[in-house]
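S.K.: have a look; sequence and predicted model below, questions after that.
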Amino acid sequence: MHRPPLRLPAPEWFTADESTLNVALVYPMQGPAGIFGPTCEACARLAVEEVNRAGGVLGKELRLLEVDGGAEPRRVADEVEALVATGAVQGVTGWHISSVRQAVAPRIAHRVPYVYTALYEGGERTDGVFLTSETPAWQLWPAIRLLADERGVRRWFVVGNDYVWPRRTARAARRYARASQGRVCGEAYLPLGTDDFSSLLRRVERADADGVLMLLVGSDAVRFNRAFAAAGLDQRCLRLSTLMDESMLLASGPEATVDLYSTAGYFASLADHNTLDFHGRYAGRFGVEAPVPGSLGESCYEGVLLLAALIERARTLDVSAIGAAAENVAYEGPRGLLSLDGRHVRQRIYLAQADGLDFTVLAQLRAPHELA
């Protein structure tokens, strides 16, 4: 059983203090995404400890305050805004779904820097928001193109949760499929927390799809994987997910992940020196039984690093000054040296295939401008 890290300090511990810089860490503690909450917390904690050992931020100690990003979006936004308004926190970061980001950003991003670490549908333009993770143009389009070329996938069925990220990503997927001489032959959107996929699986079978694009969150994806395999559909069509980390793979089990592909900017199985160093530090801090530091948890590590780098570069907490200096910001983490382009981190994206309880990285995907 995974051993979660120690809990972070309670909210009443946080008061205005010239010697500290307090950051709200917004990550899911409940709901479908709660499955990877422990690794989000652990990775963010590791980053904070490393930043503080290197001297902190503007000479101040960095400290985290947890916020449950798995709650109803308006409730999350209310809590984060209250922390910002009272001066309890001077920055916000973390992994949470897009509907939470859309509720939080307009209420706080012009007041404190907000580093959003989840893959998302693209198009975020709110001043003060900085984004570390993948978007469909960089993540999904090259993967669909590659699977069309190498596996002959032409007919896609989209299965997603019913909120902004899956729906807008599916809109992009229709374009990408057409550009690869294919099409989306069916779509279904399910409430978060769905556990009965029987009627949906019958639709997938009738559609005679070559591939299923999974846009499901956390434990919803785990249950879908199991139901998909139990129905024998894994022998008929492959699955591609843009949100499938190692914790979800382990929970699904090897018998439920045959012919399952994932695309992301980070996989724990990448064997370069940056990844190996990160894993060594993580295991040294939390032990070998800690939650697997997969792509979603790793994103929270990077969120802390980017937030610290943004503030250090601007030498102030002023959001306008941070935005003005952002184009010159770079940071080095488990994915190597990365920099910002238009407040988005530009990065390498990989395609991997499930292989038992781990992912085998197959290829680095070509960037959108490289696709003819």
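M.R.: Yep, it's here.

S.K.: for the stretch 251-372 of the chain, give me the ranges with low pLDDT.
M.R.: Along the stretch 251-372 of the chain, the model assigns pLDDT under 70 to residues 371-372.

S.K.: helices of that one, start to end?
M.R.: 273-286, 295-314, 319-325 (DSSP state H, counting those that start in this stretch).

S.K.: what's the burial count for the nearest residue to residue 138 once chain neighbours are set aside?
M.R.: Among residues not flanking residue 138 along the chain, residue 349 sits closest, at 5.6 Å (Cβ to Cβ, 6 or more residues apart in numbering). For glycine as for every other residue, the C-beta is placed from the backbone atoms N, C-alpha and C. Residues lying near residue 349 (other Cβ atoms under 10 Å) number 22.

S.K.: list the residues that contact residue 349.
M.R.: With contacts defined as Cβ atoms under 8 Å, 6 or more residues apart in numbering, the neighbours of residue 349 are 134, 138-139, 142, 263-265, 364-365.

S.K.: phi first, then psi, for the residue lying closest to residue 121 once chain neighbours are set aside.
M.R.: In space, and not counting its chain neighbours, residue 121 is closest to residue 168: 3.7 Å by Cβ to Cβ, 6+ apart. The phi and psi values for residue 168, taken as degrees, to the nearest 10, are phi -70, psi -30.

S.K.: OK, contacts around residue 168?
M.R.: Here residue 168 is in contact with 121-123, 136 (Cβ under 8 Å, 6+ apart).

S.K.: now for these: which two are most distant?
M.R.: Spatial extent of those (Cβ to Cβ) is set by the pair 123 and 136 at 10.0 Å.

S.K.: between those two, which one's more packed in?
M.R.: More neighbours surround residue 136 than the other of residue 123 and residue 136, with 25 against 9 (other Cβ under 10 Å).

S.K.: surely the more buried one meets residue 121?
M.R.: Yes - taking Cβ atoms under 8 Å as the definition, residue 136 is a contact partner of residue 121 at 6.6 Å.

S.K.: which neighbours do these two have in common?
M.R.: In contact with both residue 136 and residue 121: 168-169, 172, using Cβ under 8 Å, 6+ apart.

S.K.: next one: the residue nearest to residue 138 from residue 294, what distance?
M.R.: Per Cβ to Cβ, to the nearest Å, residue 349 is found 15 Å from residue 294.

S.K.: measure stretch 176-190 end to end?
M.R.: From its first residue to its last, stretch 176-190 covers 23 Å (Cα to Cα, to the nearest Å).

S.K.: show me which positions of that stretch end up buried.
M.R.: Neighbour-count burial for stretch 176-190, counted by 16 or more other Cβ atoms under 10 Å, picks out 176-177, 180, 182, 184-188, 190.

S.K.: likewise for stretch 84-95?
M.R.: Within stretch 84-95, the residues that count as buried by 16+ other Cβ under 10 Å are 84, 88-95.

S.K.: determine which two of these are furthest apart.
M.R.: Maximum pairwise distance in the buried residues of stretch 84-95, criterion Cβ to Cβ, is 20.8 Å, between 88 and 95.

S.K.: low pLDDT regions in the stretch 1-150 of the chain?
M.R.: In the stretch 1-150 of the chain, residues with pLDDT under 70: 1-17.

S.K.: which residue ranges form the strands in it?
M.R.: All strands of the stretch 1-150 of the chain, identified by DSSP state E, counting those that start in this stretch, fall at 20-27, 61-68, 91-94, 114-116, 129-131.
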